[in-house]
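**Student:** Predicted coordinates and the sequence they were generated for:
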Amino acid sequence: MAALGRVAAFRLPPLPTIGEIIKLYRLKAQRQLSQNFLLDLRLTDKIVKQAGELKNAHVCEVGPGPGGITRSILSADVEQLLLIEKDARFIPGLQMLSEAAPGKVRIVHGDILTYKMEKAFPKHLKKAWEDEPPDIHIIGNLPFSVSTPLIIKWLENVSKKDGPFTYGRTQMTLTFQKEVGERLTANPGGKQRSRLSIMAQHLCSVENCFIIPGEAFVPKPEVDVAVVHFTPLVQPKIQQPFELVEKVVRSVFQFRRKYCFRGLETLFPESGRLKRTEQLMMTANVDPTLRPFQLSMSQFRNLCNTYRKMCDEDSSLFVFDYREELKQKKTTRNLLKSTSEPEQTEEEEDQL
């Protein structure tokens, strides 16, 4: 019987509902932090299910709030659960969950944007990048205000194999505004195709799992919510440094509705700009009259590879900043304007 007890699925003891926890600790979602609570445990179970098999896994939940998804993760019989919560108001309710699952939960009161994930899990869980993903998962119902900067930060970590990806190809299951979820998974030619589409898809397999209607949250957001699953690829589709890929992709999408030629021009200083842009597009074999959202991943790869060669030939090219150039032009223009206009006499001012 003892052996049977050891293999039995973990069950949480009876606990107050999430709604009761919110009342008990007088928790109120703060709009300025774009907080929205998910109270329906069937939906939190569904989110956790998208992460895959979690039995005996190590999980980091980002922004657990009142603990709805936390309960579903614990019910999946994980080995260890790390909770990272920035808002101190939620800590007492999470401690209640920790006590209900002795030895399984570690709570960190901190900001996920600055938390050092490379030391979050035991070293023995590390796997080679070419192997299957490690038994580590990141799950989170992210506040809208942090979701995009956080996924960009994590994509950079994927590219550099650091942060939570020190352990291998750690998988992520995260929530985003529906529109952001559509951008992350958009195909070439799709109206939502964007910088985010390229940066995510060149580094990860990205799946838009399902949509949660806004009315399922408290308070109800003005948008629906997408649950998106990420698995880092063994080989990125563009094998160039993250900063270089991001610079090229950002430049292309700078003028989304214009021909891609217009955005690519911003990679080069004014002197020789046209010639260099033509050289880039010709060598990369990209039609200059395509719109940014029409470009395929292989075309972005060609652009990044060609731009890298151009940077290798001219070391000043990569540090060139088009916006800085515009700023300097504007400053010069304003200086010329102020020095060329004659000062008005008191009599002239009276006439205005």
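**Tutor:** On my side now, so go ahead.

**Student:** what about the helices in the stretch 51-200 of the chain?
**Tutor:** For the stretch 51-200 of the chain, the helices defined by DSSP state H, counting those that start in this stretch cover 68-75, 91-100, 144-160, 178-185, 195-201.

**Student:** between the first one and helix 91-100, what angle do the directions make?
**Tutor:** When you say that, I think you mean helix 68-75. Using axes from the mean of the first three to the mean of the last three C-alpha atoms, to 10 degrees, the inter-axis angle of helix 68-75 relative to helix 91-100 is 10 degrees.

**Student:** And for helix 68-75, what's in contact with it?
**Tutor:** By C-beta atoms under 8 Å, 6 or more residues apart in numbering, the residues outside helix 68-75 that reach it are 10-12, 15, 18, 37-41, 44-45, 47-48, 54, 59, 61, 64, 81, 83, 94, 97, 100-101, 104-105, 139-141. Any C-beta I mention is one placed from the backbone N, CA and C, and that applies to glycine too.

**Student:** just checking, which of those residues belong to strands?
**Tutor:** Counting by DSSP state E, the contacts of helix 68-75 place 37, 38, 59, 61, 81, 83, 105, 139, 140 in strands.

**Student:** By neighbours, which of the residues you listed wins?
**Tutor:** residue 139 (28 neighbours; other C-beta atoms under 10 Å).

**Student:** partner residues bridging it?
**Tutor:** Residue 139 has these beta-bridge partners by DSSP bridges: residue 61, residue 173.

**Student:** what's the burial count for residue 300?
**Tutor:** 25.

**Student:** Just confirm it contacts residue 197, I think it does.
**Tutor:** No. Contact status for residue 300 versus residue 197: not in contact, 10.0 Å apart, counting by C-beta atoms under 8 Å.

**Student:** Can you tell me the closest non-neighbouring residue to residue 76?
**Tutor:** residue 54 (3.9 Å; C-beta to C-beta, 6 or more residues apart in numbering).

**Student:** contacting residues around that neighbour?
**Tutor:** Per C-beta under 8 Å, 6+ apart, neighbours of residue 54: 48, 73, 76, 77, 78, 137.

**Student:** and which of the residues you listed is nearest residue 257?
**Tutor:** Nearest to residue 257 among the contacts of residue 54 is residue 137, at 38.7 Å by C-beta to C-beta.
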